[in-house]
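Visitor: No sequence on hand, only this structure:
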């Protein structure tokens, strides 16, 4: 599964609080994101949202992150794991969903299906 780089960048800026997760992201201009989140207090036990995370009211922390911080989180992931940050090391990318067949996949365009970090010396694919 592809890592959530918004969550990684926001948690890092928040001081890596254990269990912290975002629940709202607002894009501000081209390069900034206002990320709001907190530590879930449990799961919803009844109704149409059963199984979803339950959040304390008015307890959200807000942090402003930049596109560069997200890119840095992706770069650190690739350096630490050796896996492609676009597909999370799976070698495939979700392109759609169908109620009968489920997810539709294509070969990851970043790593060409290897799941490993694309080398800097690798030529760019031609359109």
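Guide: Looks like it arrived, so ask away. Treat the numbers as computed from the prediction; the structure is a model and nothing was measured.

Visitor: how is this protein carved up into domains?
Guide: 5-81, 83-119 (automatic domain parsing).

Visitor: So which residues of the chain form helices?
Guide: 5-14, 67-81 (DSSP state H).

Visitor: so which of those gets nearest residue 92?
Guide: helix 67-81 (16.9 Å; C-beta to C-beta). (C-beta placed from N, C-alpha, C; glycine too.)

Visitor: Residue 8: neighbouring residues, count only.
Guide: Residues lying near residue 8 (other C-beta atoms under 10 Å) number 19.

Visitor: how many neighbours does the nearest residue to it once chain neighbours are set aside have?
Guide: Leaving aside its sequence neighbours, residue 8 sits nearest to residue 73 (C-beta to C-beta, 6 or more residues apart in numbering; 4.4 Å). For residue 73, the count of nearby residues is 22 (other C-beta under 10 Å).

Visitor: how close does residue 26 sit to residue 50?
Guide: 27 Å (C-beta to C-beta, to the nearest Å).
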